[in-house]
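[1] Generate a structure from the sequence data that follows.
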Amino acid sequence: MMQRFACFAAVCALSAALVGCGSGGSDFTAWNHYGLEAIEPEREAVSLAALDQTFTGEVIVEGVIEDVCSVKGCWMNLREGDRTARVKFKDYAFFVPRNAAGRRVVVKGVGAMTLLDVAWAQHLAEEAGKSRAEIEAITEPVRLYEIEATAVYIKGGGLDEPFSEE
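    From the prediction side, this is the model:
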């Protein structure tokens, strides 16, 4: 009887460890979901820092939210190590909380390198709440990795409700 209990306890511990392993790709119980779809449990996210930023196609990445659009939450910037990515949301169909900066995030979408013209880069800096000096310092087009997201998971509680146009 004791041997069965020990075996059962070991199986339960192993199951719990497996469910929580990875970069958040399989267990989103403490995460807030935004988007048009879910991330499949068997899919694992890669760190934004490890992503080859010349890659074009479907990606599932994790990082930290650096900035969020202060107007609607209609885009966010991720950072992990020395890598950054701008995330917009497919078909403008959903938004994220404007107070999500600093949180861990997992994003699924289509990624590609893009070039922002000066006016658009300055506009985005203004929406991010950057200072006038920071905005005016943008004098050349900006190359960055951009992801059009279909699913976003943000870790932790205390987030505001996303902006709603209803």
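[2] CA atoms for contacts and neighbours, from now on please.
    Noted.
[3] give me the number of residues near L115?
    13 (other Cα atoms under 10 Å).
[4] Just give the closest residue to it, not the sequence neighbours.
    Among residues not flanking L115 along the chain, R143 sits closest, at 4.5 Å (Cα to Cα, 6 or more residues apart in numbering).
[5] Likewise for G129?
    The shortest distance from G129 to any non-neighbouring residue, by Cα to Cα, 6+ apart, is to S70 (6.7 Å).
[6] In terms of helices and strands, where is the one you found?
    When secondary structure is defined by DSSP states H and E, S70 falls outside every helix and strand.
[7] what sits against it?
    By Cα atoms under 8 Å, 6 or more residues apart in numbering, S70 lies in contact with 98, 127-129.
[8] List the residues that contact R143.
    R143 makes contacts with 113-116, as judged by Cα under 8 Å, 6+ apart.
[9] and if you look at F28?
    By Cα under 8 Å, 6+ apart, the contact list for F28 reads Y153.
[10] for this structure, what spans make up the helices?
    Using DSSP state H, the helices of the chain run over 2-19, 118-127, 132-136.
[11] and stretch 149-166, which residues are buried?
    149-155, 162 (16 or more other Cα atoms under 10 Å).
[12] And the contacts of that stretch?
    Under the criterion Cα under 8 Å, 6+ apart, residues 28, 30-39, 72-73, 87-90, 95-100, 103-110 lie in contact with stretch 149-166.
[13] make it 6 Å
    With contacts defined as Cα atoms under 6 Å, 6 or more residues apart in numbering, stretch 149-166 is touched by 30-38, 72, 89-90, 95-97, 104-109.
[14] just stretch 49-65 next, same as before
    With Cα under 6 Å, 6+ apart as the contact definition, stretch 49-65 has outside contacts at 45-48, 77-81, 83, 101-112.
[15] Quick one: buried ones out of those residues?
    Buried subset of the contacts of stretch 49-65 (neighbour count, 16+ other Cα under 10 Å): 45-48, 77-80, 83, 101, 103-112.
[16] Tell me where this structure is predicted with low confidence.
    Along the chain, segments meeting pLDDT under 70 span 1-26.
[17] just the strands in it please.
    Along the chain, counting by DSSP state E, strands occupy 31-35, 46-47, 57-68, 75-80, 83-89, 104-116, 142-155.
[18] Turn those into JSON lines, columns for distance to I135.
    Shown next, in JSON lines, are those (distance: least, Cα to Cα, whole Å):
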{"stretch": "strand 31-35", "distance to I135": "29"}
{"stretch": "strand 46-47", "distance to I135": "29"}
{"stretch": "strand 57-68", "distance to I135": "14"}
{"stretch": "strand 75-80", "distance to I135": "16"}
{"stretch": "strand 83-89", "distance to I135": "17"}
{"stretch": "strand 104-116", "distance to I135": "14"}
{"stretch": "strand 142-155", "distance to I135": "12"}
